[in-house]
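Enquirer: The following comprises the amino acid sequence and a computationally predicted model.
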Amino acid sequence: EREQRLQAQEQASAAAEQQQAASVAAREQAVSSREAELAEREQRVQAQEQVSATTEQQQIASAAAREQALSSREAALSEREQHLQAQEQASTATEQQTLHVAAREQA
């Protein structure tokens, strides 16, 4: 009878150990799964950050290109204004010369 009780206790103890080992293994599995999920999330976040950084760089480059184009147009306008001013001055000088010649002819 005593031997049977000891055997029953040993079996119960062994079963409890097995249950504990199974519980620990299940917890380890759950932790591993969570770690894998977190690693995956971290990769997604990094990818999004890279896309955002690339988009931001593209926007900056685009704005710089537009700024450069505007500066070029501004320079071209200034050049045209100077050219028109020079034409105006030449035209005024020609007019004055013509008037001067006409005045001399009348005199």
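Expert: On my side now, so go ahead.

Enquirer: What ranges does the chain have for its helices?
Expert: 2-106 (DSSP state H).

Enquirer: Where does pLDDT dip in it?
Expert: The model of the chain has no residue with pLDDT under 70.

Enquirer: redo that, cut-off 90
Expert: Within the chain, the segments meeting pLDDT under 90 span 1-2, 95-107.

Enquirer: Just give me the neighbour total for Ala36.
Expert: A count of nearby residues for Ala36, using other C-beta atoms under 10 Å, gives 10. Yep, even glycine has a C-beta here, placed from its N, CA and C like the rest.

Enquirer: Make 46 the starting number, not 1.
Expert: Renumbered: residue one is now 46, and that last one reads Ala81.

Enquirer: any idea how far it is from Arg47?
Expert: Applying C-beta to C-beta, to the nearest Å, one obtains 51 Å for the distance of Ala81 from Arg47.

Enquirer: What's the separation between His145 and Gln88?
Expert: Taking C-beta to C-beta, one finds His145 at 85 Å from Gln88.

Enquirer: next one: Ala66
Expert: In terms of C-beta to C-beta, Ala66 sits 33 Å off from Gln88.

Enquirer: Next: Gln151.
Expert: Taking C-beta to C-beta, one finds Gln151 at 94 Å from Gln88.

Enquirer: neighbour-wise, which of those two wins?
Expert: Gln88 (10 against 6).

Enquirer: Show the contacting residues for that one.
Expert: By C-beta atoms under 8 Å, 6 or more residues apart in numbering, no residues touch Gln88.
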